[in-house]
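Undergrad: Any chance you could fold what I've pasted below:
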Amino acid sequence: MRILRQMMHGLSILAIAVSSQSALAANDWQINSAGSGANGATAISALDVNGVGFVQLQPDVNVPYLFSFIEHGAYRALSIDGSTQFGANEITVSYSVSGSGNFDDKSALRMSAGRIDLFSDPNLDFGTGATNYGADNGTRFASFEIVDGYLANEQGLFIVNARGIAGSFAEGYLFNAAGTDLATLSNVQLELALFNQPSIPDGPIISGIVCGMAQACPNGSFSLSPLAYTVQDKGSVAISAVPEPESSAMLLAGLGLVATLTRRRRSPHRSEHI
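TA: Reported below is the predicted structural model:
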């Protein structure tokens, strides 16, 4: 079970971000927790989050060293101090993710599907006995589908990529650096830098995450095991609207034309004398 224990220290979908290595984090974006528009939005490069998750592993019946997994969890956005909530309303996150791995090779872990939902909640009840840990009882303003996730280095850093679900963005919450509402843009992407640590769950975690979101208490009870355990996480998320391939191609073509014209202007005129 030694490899299994190691897997427990690197399987959470949203977790401790060890650095701002996100490719999207370099692009500032804006967020308004109350959804009242760009004038009340805060410009950031990445949004800190913390919360909890519940991981379930299922060994492959035919190949014992392979497994599949699913994880459910909930998070709350934090201010730059890493402890107080971000904005007047709580920004909360609920997620589920699935994938596969190899008990003998931690680097083989892959996240292949799942969903991330963002909520604005004036109730300020995250982490309480509220249904589903208080993570999804606010106004949902954005949803993302997970594209992939992979181990980025030997220290356990994970990179997870997700794309916005068309039609799921409510206006007034998310904006690019120029103040354009992401609800009006296409190809919105989310990127996460991840790490985690196992934890001992308290009552709200068991009732809200394990029994609530994960529906893992068929008999009304839950027992920790190497194949079913909770995690305590912190992390950061970056969101950006990436140009469509066609738009990028047109932009590059335009830049190429400008460069060509510039070179032509700088070229000395040929003498008409023979």
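Undergrad: Check the spacing between residue 191 and residue 144 real quick.
TA: Going from residue 191 to residue 144 by C-beta to C-beta, to the nearest Å gives 10 Å. The C-beta positions use only the backbone N, C-alpha and C, and glycine is treated the same way.
Undergrad: Between those two, which has more neighbouring residues?
TA: residue 144 (25 against 20; other C-beta atoms under 10 Å).
Undergrad: The stretch 101-250 of the chain: strands as residue ranges?
TA: Using DSSP state E, counting those that start in this stretch, the strands of the stretch 101-250 of the chain run over 105-121, 139-151, 158-164, 174-176, 188-194, 197-199, 228-241.
Undergrad: What pairs with the longest one, parallel or antiparallel?
TA: It refers to strand 105-121. Sheet pairing for strand 105-121, assigned by DSSP bridges, gives strand 90-102 (antiparallel), strand 139-151 (antiparallel).
Undergrad: distance between the first one and the chain's centre?
TA: It refers to strand 90-102. Mean-position distance between strand 90-102 and its chain equals 8 Å (C-alpha atoms, centre = their mean, to the nearest Å).
Undergrad: what pLDDT, on average, does it get?
TA: For strand 90-102, mean pLDDT rounds to 95.
Undergrad: most packed of the strands paired with strand 105-121?
TA: strand 90-102 (a mean of 22; mean count of other C-beta atoms under 10 Å).
Undergrad: ok and that strand relative to strand 228-241, angle-wise?
TA: Strand 90-102 and strand 228-241 are oriented at 110 degrees to each other (axes from the mean of the first three to the mean of the last three C-alpha atoms, to 10 degrees).
Undergrad: by how many degrees do strand 90-102 and strand 158-164 diverge?
TA: 120 degrees.
Undergrad: Now do strand 90-102 and strand 188-194, the angle between them.
TA: Between strand 90-102 and strand 188-194, the angle comes out at 70 degrees (the same axes, to 10 degrees).
Undergrad: that older thread, how about JSON lines for the strands paired with strand 105-121, with distance to residue 69 added?
TA: Below are the strands paired with strand 105-121 laid out as JSON lines (distance: least, C-beta to C-beta, whole Å):
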{"stretch": "strand 90-102", "distance to residue 69": "6"}
{"stretch": "strand 139-151", "distance to residue 69": "11"}
